[in-house]
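>>> this one's sequence-less:
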């Protein structure tokens, strides 16, 4: 098991089940909350402070998809996949508490399963649990995610000149959509 | 059952299980793909055309979280929830094929379950299935989502002066995280 805040790069073969990562905090600004809402989630509780004050939340809150995107940023920065992680899917994503401007988010990541890819020998499938909290320790998002990550030991990598475009479809076809 | 492309507003009581919605197309631009990646998913296959050409995808692809955010935009525009939809959670989100600059995405939404909220009489829980496709009809994202939506008939609404901030936590506590 390792508890890491370092920028060490991780290939599939560097992970062990039980590995735990914790991100640095990321501050949420009102400007970013509103900007994201205008582009992707134009609902009154995300769009302007004034309109949001008249809603059930009595103030501006971030879109859940904005929280998910910020979580991805913290995950990428913290786990630092050596040649990228190809997202395959997400399960049980929940937003139990709201995110407001001024909050500072941190992400804790646990590696819960590892297996070589059946269809692509140069890759492994990493299953992880992410918990995103605010500065008061309240959980604002939880999820389970699966990603395809290059192996270090096989000579294959995300830079290989391989079949390329079909990677996601191949994984899906060979393993089914429920069990990546 | 209704097949709608209109801007008619929908409260909880307007939905029926089996209702089907289809969005207009949304064009994906290279500039937006790169901008989203810099903010939220800084991995080589999302960040620049040149670096992406050397990866397994042999070209720039959108972050899965960008696809999810664009899907939310199309969903909000198309279903047009009367006083907003409060996202509670997402299950079985998959990205079976990549999204590239130049693609045009559409979202098909099916209402698969409806029930009054147990903890908040002014609200109902809508369960829906979203399928996002590109211009060739290839599925680029699927997901099941649950959202809390104000009822029309009870006098309560997202504008009520209620307990406000605890809405998500209340729903979670009363119904459990697995069965929203």
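Structure received. Remember, predicted model here, so these are calculated numbers, not experimental data.
>>> Strands along chain A, start to end?
A:3-4, A:20-22, A:26-27, A:86-94, A:104-116, A:123-133, A:139-150 (DSSP state E).
>>> Quick check: the closest residue to residue A:100 other than its chain neighbours vs residue A:116, distance?
Leaving out its chain neighbours, the residue that sits closest to residue A:100 by C-beta to C-beta, 6 or more residues apart in numbering or on different chains is residue A:61, at 5.8 Å. From N, CA and C alone the C-beta is placed, and that goes for glycine too. For residue A:61, the distance to residue A:116 (C-beta to C-beta, to the nearest Å) stands at 41 Å.
>>> list the buried ones in stretch A:140-155?
Within stretch A:140-155, the residues that count as buried by 16 or more other C-beta atoms under 10 Å in any protein chain shown are A:140-152, A:154.
>>> what's the average pLDDT for that stretch?
Mean per-residue pLDDT for stretch A:140-155: 88.
>>> Please apply the same query to stretch A:84-93.
On average, stretch A:84-93 scores 94.
>>> any idea which residue sits dead centre in chain A?
residue A:72 (3.5 Å; C-alpha atoms, centre = their mean).
>>> Would you mind saying which of the strands of chain A lies nearest chain B?
Nearest to chain B among these is strand A:86-94; the distance by C-beta to the nearest C-beta comes to 4.2 Å.
>>> so what strands line up beside that closest one?
Strand A:86-94 has the following strand partners under DSSP bridges: strand A:139-150 (antiparallel), strand B:86-94 (antiparallel).
>>> Lowest mean pLDDT among the helices and strands of chain A, which one is it?
One helix or strand of chain A scores below all others by mean pLDDT, DSSP states H and E: helix A:167-175, with a mean of 44.
>>> do the longest helix along chain A and chain B meet?
Counting residues, the longest helix in chain A under DSSP state H turns out to be helix A:64-79. Yes - Helix A:64-79 reaches chain B (C-beta under 8 Å from any C-beta of the partner chain) through A:64, A:65, A:66, A:68, A:69, A:70, A:72, A:73, A:76, A:77.
>>> tell me the contacts of the residue lying closest to residue A:41 once chain neighbours are set aside?
By the measure of C-beta to C-beta, 6+ apart, the closest residue to residue A:41 outside its immediate chain neighbours is residue A:63, 3.7 Å from it. Counting by C-beta atoms under 8 Å, 6 or more residues apart in numbering or on different chains, residue A:63 touches A:33, A:36, A:37, A:40, A:41, A:43, A:46, B:72, B:87.
>>> Kindly reformat these as TSV containing distance to residue B:122.
Below are these laid out as TSV (distance: C-beta to C-beta, whole Å):
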residue	distance to residue B:122
A:33	25
A:36	27
A:37	23
A:40	27
A:41	22
A:43	17
A:46	20
B:72	24
B:87	17
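>>> Give me the below-cutoff pLDDT ranges for chain A.
Scanning chain A for pLDDT under 70 picks out the ranges A:1-7, A:153-180.
>>> what about 50?
Across chain A, residues meeting the criterion (pLDDT under 50) sit at A:1-2, A:155-166, A:170-180.
>>> Report the contact partners of residue A:12.
A:114, A:116, A:123, A:124, A:126, A:149, A:150, A:151, A:152.
>>> quick one: the residue of chain A positioned farthest from its centre and chain B, what's the gap?
Relative to the centre of chain A, and counting by C-alpha atoms, centre = their mean, the farthest-placed residue is residue A:54 at 31.7 Å. Note on residue A:54: its distance to chain B, by C-beta to the nearest C-beta, to the nearest Å, is 5 Å.
>>> just residue A:45 next, same as before
6 Å.
>>> can you count the residues close to that residue?
25 (other C-beta atoms under 10 Å in any protein chain shown).
>>> got it, and the one 5 residues further on?
Residue crowding around residue A:50 was assessed by other C-beta under 10 Å; the count is 9.
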